Every structure is written in structure tokens, then in C-alpha cells.
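J.: Okay, sequence plus prediction incoming.
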Amino acid sequence: MIGLEDITYSYRTGEYRALDHISLTFRRGEWVSIIGHNGSGKSTLVKILMGILNDYEGTITVDGEVLDDENRAELRKKFAIVFQNPDNQFVGATVEDDVAFGLENNGIEREEMVRRTEEALKAVNMLEFREHEPSRLSGGQKQRVAIAGALAMAPEVLILDEATSMIDPEGRQEVLDILRTIHHQGKTTLVFITHDLSEIEESDHAVIMKDGRVISEGTVEEIYQDADALMASRLVLPFHMKLSKQLLDGSFMSYVELVERL
């Protein structure tokens, strides 16, 4: 779905490279998690994928087409993004208005707009809040509405940029449950940006970034086993992962698997 080949970017000429020869492949329907602390290059990568930064070196392909100035606007329609702070995305007076905002801007006919808005709110279990003011929702509910607004655009790629970092554990779990459902449907490529290793267990593929470079990538289990990369990136294994490794012959298990095994 997305190919990045030798992507390099500096915010100023001759300055430290925010991205340093990045090459990655995101397959259609795949859940890819990109992990790293501040300054690792995650946000810069998102800005390039969303077209906020275009003066990069290297090649990006989207759905088999090389991204260039002529097709950039059209290919970007395949993308939607959910940001870290849902309050920064709200523009509507009600939840329903907010989800419909992007559709209205794109000139979608009213009947289709109503249908898509309702389906998106159902997908995130927020239909009963359709007449509520977004500002009166909990953090988790706000982020679910933000996801609904993105889903209503029917994107082929959904990017979540630290979308769980500003909400409480319950809200974080709600968001992860929704992403799990979207992933199981197999229609949308998920690009999940995080610094929390406990959130990547459902991923098909994981990437660790540090100082603008990819220092490790593979399955979640391979990432968990790569002690050198984890140490270099100052990433810490979730407690249940440490426990499963120590108790169960070095094997890594999800929280649910560990509880069942014990």
C-alpha cells in the first residue's frame, strides 16, 4: 500500500537529519506500529506521509503509484489521520456535525453523508452521543469521535499519531479495541505511532526508530526479543512480557495468553 525508499529529510539545509535514509513497506490491510521516543523521527515521517512536508529526498509510492506533484492531492485522499489531542480536531457543535465536517468539505451528497456519519459512529460505539457537544465527552470518547471522523472519509490508510497518549487507561483500551475491530475487517492499513510497547501487541509489523533511522523491524515478538534495539531506544518491555519471558521458557505472550497459561 505504501512504499518508502531512501527517504531523507532535514528541516534546514545541512542540519541534523530528522529522517536518515528510511526505507519501509506497509502492506494493504496491515497494522504497522512505529515506536520511538521524542526526536526519533516518528512525527516527521507522519508529516511526510500526510503531505505536510514535501521537500524530502527519496521516493514514496502509494498503491503502486510514485507520489509526485501531479498526483499528490489525489493520492492523499486515500489517507486519514487521528492526532494526539482530539480537542485540536473538533470543529462541529455536535458529535454528528463534527464527523460530517470532512464529508461536507469534500462535497459528498447529503444522503451519503448521513449514511457514512451514522456508520462511522456505530463503528466506534458513539451513535447514542450523536447530539452531544464534543467538549463534554471524556477523553476516550473524544478520541473515538475523532476516529469516526477519519473513518467516515473511507480511507485506505488510517494514521494514528500518538492517539492514545493523552487519555486515561480505560479510554486507551477503548481506542485499541476499535483499532482491533478495524484491523480484523482487513480493509484499512493502520499506521500506529506510539512510544508505548504495551500497545503494539496486535500489530502485524513493528518498527523501532531512533535519531531518524530504523534500528529494528519485524514481528512484535522479534521486536520484543531485540534487546539491543530496545535498550538503545530506551524502550521498556511491558511487565507481563517480562514475566512471561522469565517464567515460560523465554517465550513472549500477550496479557490474556499469559493469564490463561498460568
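T.: Received, thanks.

J.: Could you pull out the strands in this protein for me?
T.: 2-10, 17-26, 31-35, 57-62, 65-66, 79-82, 157-161, 189-194, 205-210, 213-218 (DSSP state E).

J.: Okay, now the sheet partners of the second one, with direction.
T.: Strand 17-26 has its sheet partners listed here by DSSP bridges as strand 2-10 (antiparallel).

J.: Same question for the longest helix belonging to the chain: list its buried residues.
T.: Using DSSP state H, we find that the single longest helix of the chain is helix 169-185. Neighbour-count burial for helix 169-185 flags Gly171, Arg172, Glu174, Val175, Leu176, Ile178, Leu179, Ile182, His183 (criterion: 16 or more other CB atoms under 10 Å). For every residue, glycine as well, the C-beta is placed using N, CA and C.

J.: just the angle between it and strand 189-194, please?
T.: Using axes from the mean of the first three to the mean of the last three CA atoms, to 10 degrees, the inter-axis angle of helix 169-185 relative to strand 189-194 is 160 degrees.

J.: Confirm for me that Val32 is in contact with Phe26.
T.: Yes - applying CB atoms under 8 Å, one finds Val32 in contact with Phe26, separated by 5.1 Å.

J.: which neighbours do the two share?
T.: Thr189, Val191, His205 (CB atoms under 8 Å, 6 or more residues apart in numbering).

J.: any idea how far the first one lies from Gln141?
T.: Right, the one you point to is Thr189. 25 Å (CB to CB, to the nearest Å).

J.: between these two, who's got more neighbours?
T.: Thr189 (24 against 21; other CB atoms under 10 Å).

J.: What residues are bridge-paired with the more buried one?
T.: Here Thr189, judged by DSSP bridges, has bridge partners Val157.

J.: Run the chain-centre distance for stretch 170-188.
T.: Distance of stretch 170-188 from its chain centroid, counting by CA atoms, centre = their mean, to the nearest Å, is 11 Å.

J.: can you list the residues that contact that stretch?
T.: By CB under 8 Å, 6+ apart, stretch 170-188 touches 29, 31, 123-125, 138-141, 143-144, 147, 151, 155-158, 160, 163-164, 167, 190, 192, 199, 202.
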